[in-house]
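1. predicted model, plus sequence, below.
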Amino acid sequence: MIKGFGGNQLRIDLTTGELARTPLDERFAREWLGGRSFIAKILYDEVPRDADPLGFENRLVVTPGVMSGNFAPSGSKCCFGAVSPLSNGHGDSTVGGHFGPELKFAGLDLLVFSGIAPKPVYLLIDDAKIELRDAAKYWGLGTMEAEQMLKEDLGEDFEIVAIGPAGENLIAFSCIGHDWGRQAGRCGIGAVMGSKRLKAIAVRGTGKVPIHDLKALRDSTMAIIKRTAKHPNMAPWQKYGTAMFVGWSNQHGVYPTHNFQTTYFEDYAGIDGQPLVDRILVSNKACFGCWMNCGKYSKVSLPGKPTVFVEGPEYETGSLCGGNCGFNTIEQVAYVNWLCDHVGIDTMSGGGFAAFAMECYEKGLITREQLEGHELRWGSIDDFEHFIDMIVHRRGIGEWFARGAKYAAEQIGGGAERLVAQVKGQGMSGYDGRGAPAMLLSYMTADIGAHHNRAWTITMDEDLGKTVIKGKAKVVVYLQHIRPFFDTVSCCRLFWGEVDVTAEEHIDAIKLMTGWSDFTLEEAMRLSDRIWNLNRAHYLERNGGPGRSFDYPNARFYEEAVPSGPGKGARLTMADLDVMLDEYYEARGWGKDGNPSREILADLGLADCAANLQKRGLLGELFAPLPAVRGERYKPKAF
Amino acid sequence: MTIFLKVGGMLKERVKTDVDEWTRSVETEPGRTLRQVIEELGLKTVHVAMAFVGERLISLSYVPHDGDVITLRPPVQGG
Amino acid sequence: MRIQVTAEACTGCRLCRQICAIDGFADTNPRRARLRIEAKFPSPGTYHPQVCDQCGDCAEICPEDAITRNDQGAYVVDSERCSMCGVCIDACPVGVMMKGEDEIPYKCDFCWSCTEVCNTGALVRAE
């Protein structure tokens, strides 16, 4: 019996309806740990390289991770993965809430869906009773409507994840919703779920997860709870969550405004954390086992619109659906947040792609005729709502955007491709990299496309100099190992990032859960390096090479200077990006073409990747000595 | 006069504490703004997303009083 | 002594239920807990902890006199005397008399772990 784990995996063949629940192999669990690492390995091994992400052969992988549910600092997460319809490479996204822990209590560590159901279904997991059930009555419902109806039908104590009409209609940036407004938002995993006609997963777990030393785990976590309760960041975090960073981001010239045309939104004070708390907050809302309760559940009433409830807005929504789209009241941003959650699209790509369309409309690249007679103005709720409806139902140019804004830009033409903020098709997170070069490098090199959660560098960028290009890449590499570690073990990284619960304390907790007395942070970091290279190999095998050709953002970020605000004048050039990429590839042990070398793959025990890349002529040539350890932690000066 | 800064997370890496685990005492002139105090310490304002006196949110233009205990909250990735 | 509940401070994190399960049954599954949280979503979007207020209805109705106060002032079930009739479970006005896997009911015994783990002020040990 594996300690700390649910103990079993479940294979679901949606085509035939076959279900197979079998024990999880402990060697596999120790080698790959769980979470996004399980996903990386399974996708690499099982999805044919020419498989359509929305087709029969893709896999949907769901995995709670070792810390989930085990009385550890925010062990709450569940990771969802598939080959992404946005990037055509490895995709994964993590959701908090309570779903991951419930899977563990049902004895499950891994769900792998294959094939396509003949008609809409949902998967019911009631401990060991597992069934695929008809989902006709839920098909077409919004994510939270489906959650509500399933809870009414099955029982309030079921945990539900569900897609909305966007996922059903295969919109490439669809998300998976859970717990009244949390999402596995990125990479379009919701579309993969929809392509399989899987509307929802409902789980109830009454079992006991075996813990190696529960008494010691209980005492050490309780001590962490008591210590961090008094931490200076705890109270502000609990009260304001992440929305307050809208103000900070504007003041430091990195806030996306009007489709990243500039980095300062004059009305930002109307959409940050203070108006959220003052005007729309209903309650603080926590994930399972989390005492930071950063979730902000809000009630919004806009004139002429139904009153809605939404979890948020968080910072990313407050930026990409805030100033980026020109919305200047917290009520507007929260309503847009709800709309995206309801139909089941990622607020980040959703806001970013809508903002791109708004700029296209402003510049005459999209016409009213193409918008069914509507406009698409900055800050117009009605225009935004109509445009999203066109996308969700794939009408007119909504069909283009349904495939992601990068595709839409190619269809629109007229220079539109310069304007869509993305890398590898994934909409950019809410920080403009012209004010933070390492952040742009983070977007350029993230395995899933432009996303901030792999490496967040804004303060390091400014510490070392906002215009400094050199010397930052090795820190990006380090962050790309330590930050995704938390997705592998499925806990929220904000305890590490915000209230000084160290990575070593997380390792100690895992040792107490599993009994793996020889488990170390070095082993975990090496696994992060390993799956980073695995995902890179997977991406190249699917998309060809050289890898470098995919690692650039849209041209705005290397052709335009920021025109206004505290970031005015910030400008990067293609040469700057190339300097950063060269440093990055050297730090990674890759070739100048951005392809992994034989040496790094051998070092990481990925000989099969090396063979696969070699067959395709995609192995890189080392151009500098291979670093013994990839990545370097940034240690700031202390005053 | 003496004021006290409470710091955690990435701020704790950048500010040596002397009073307790999270608190640093700072000698400063009356009339300085919080922004000036922070910058004179060697920090940059990018490291401070919010500031509080007790539970009261203040801006970097706030002028501290003798004995003020000011909590500085650093930025961190949002979601 | 009592567990003072401030529902507006509850965030639904379930740490109280989890520590109750751990300390009572060496089990991390919150379903073993002797308190409940009612979550009212999507509207109004609030959490409502339901804890034993030691009202004594269970003790009064027990035909075997198996439920008496411990030294913390909490009513607890004597498993030796319990006939597993279950009437106390139905009698509990708060729904926090739980049925054990061995059919013997179990309930809050004022161990106070839930009040120690809660850092929002939703559950506080009070006189």
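-> Sure, I can see it.
2. tally of neighbours for the residue of chain A found nearest chain B?
-> The shortest separation between chain A and chain B is 2.6 Å, found at A:Y315 (distances taken as Cβ to the nearest Cβ). C-beta here means a position set from N, CA and C on the backbone, and glycine is covered the same way. Counted with other Cβ atoms under 10 Å in any protein chain shown, the neighbours of A:Y315 add up to 29.
3. could you pull up phi and psi at it?
-> Dihedral pair for A:Y315: phi -60, psi -50, per degrees, to the nearest 10.
4. and for A:S174?
-> Dihedral angles of A:S174 (phi, psi; degrees, to the nearest 10) stand at phi -70, psi 150.
5. what segments of chain C are strands?
-> Listed from the start of the chain, chain C has strands (DSSP state E) covering C:2-5, C:36-40, C:46-50, C:67-69, C:75-77, C:98-99, C:105-106, C:123-126.
6. take the ones you listed and write them to JSON lines, including mean pLDDT, mean neighbour count and distance to chain A.
-> Converted to JSON lines, these look like this (pLDDT from 0 to 100; neighbours: other Cβ atoms under 10 Å in any protein chain shown; distance: least, Cβ to the nearest Cβ, whole Å):
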{"stretch": "strand C:2-5", "mean pLDDT": "97", "mean neighbour count": "18", "distance to chain A": "15"}
{"stretch": "strand C:36-40", "mean pLDDT": "97", "mean neighbour count": "16", "distance to chain A": "8"}
{"stretch": "strand C:46-50", "mean pLDDT": "98", "mean neighbour count": "19", "distance to chain A": "5"}
{"stretch": "strand C:67-69", "mean pLDDT": "96", "mean neighbour count": "17", "distance to chain A": "25"}
{"stretch": "strand C:75-77", "mean pLDDT": "96", "mean neighbour count": "21", "distance to chain A": "21"}
{"stretch": "strand C:98-99", "mean pLDDT": "93", "mean neighbour count": "16", "distance to chain A": "12"}
{"stretch": "strand C:105-106", "mean pLDDT": "96", "mean neighbour count": "21", "distance to chain A": "15"}
{"stretch": "strand C:123-126", "mean pLDDT": "97", "mean neighbour count": "16", "distance to chain A": "12"}
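7. what does A:S549 show for phi and psi?
-> Backbone geometry at A:S549, expressed as degrees, to the nearest 10, gives phi -60, psi -20.
8. quick check: closest non-adjacent residue to it.
-> Computed as Cβ to Cβ, 6 or more residues apart in numbering or on different chains, the closest residue to A:S549 that is not its neighbour in sequence is A:G594, at 7.6 Å.
9. and A:T143, by the same measure?
-> Leaving out its chain neighbours, the residue that sits closest to A:T143 by Cβ to Cβ, 6+ apart is A:G177, at 3.0 Å.
10. domain map for the chain?
-> With no chain named, the answer covers chain A. Domain segmentation of chain A under automatic domain parsing yields A:8-204, A:241-421, A:433-553+A:573-615.
11. try chain C instead
-> As given by automatic domain parsing, the domain ranges for chain C are C:1-51+C:108-127, C:54-106.
12. which of these is buried the deepest?
-> Each of the domains of chain C was scored by mean neighbour count; the highest is domain C:1-51+C:108-127, a mean of 20, by mean count of other Cβ atoms under 10 Å in any protein chain shown.
13. does the residue of chain A closest to chain B touch A:G247 like I think?
-> No. With contact defined as Cβ atoms under 8 Å, A:Y315 and A:G247 do not form a contacting pair (10.3 Å).
14. list residues touching both of these two?
-> Counting by Cβ atoms under 8 Å, 6 or more residues apart in numbering or on different chains, A:Y315 and A:G247 have no common neighbour.
15. ok so, going back, let me know which of the strands of chain C is the nearest to A:Q261.
-> Distances from A:Q261 to each of those were compared by Cβ to Cβ, and the smallest falls on strand C:46-50, at 40.5 Å.
16. what helices and strands are in contact with the closest one?
-> strand A:281-285, strand C:36-40 (3 or more Cβ pairs under 8 Å, 6 or more residues apart in numbering or on different chains; DSSP states H and E).
17. try 10 Å
-> Helices and strands touching strand C:46-50, by 3 or more Cβ pairs under 10 Å, 6 or more residues apart in numbering or on different chains; DSSP states H and E, are strand A:281-285, strand C:2-5, strand C:36-40.
18. CSV for those strands, including distance to chain B?
-> Supplementary listing: those in CSV, determined by distance: least, Cβ to the nearest Cβ, whole Å:
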stretch, distance to chain B
strand A:281-285, 13
strand C:2-5, 22
strand C:36-40, 21
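19. save these as JSON lines, and put in distance to A:I125 too.
-> Supplementary listing: the helices and strands packed on strand C:46-50 in JSON lines, determined by distance: least, Cβ to Cβ, whole Å:
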{"stretch": "strand A:281-285", "distance to A:I125": "24"}
{"stretch": "strand C:2-5", "distance to A:I125": "32"}
{"stretch": "strand C:36-40", "distance to A:I125": "20"}
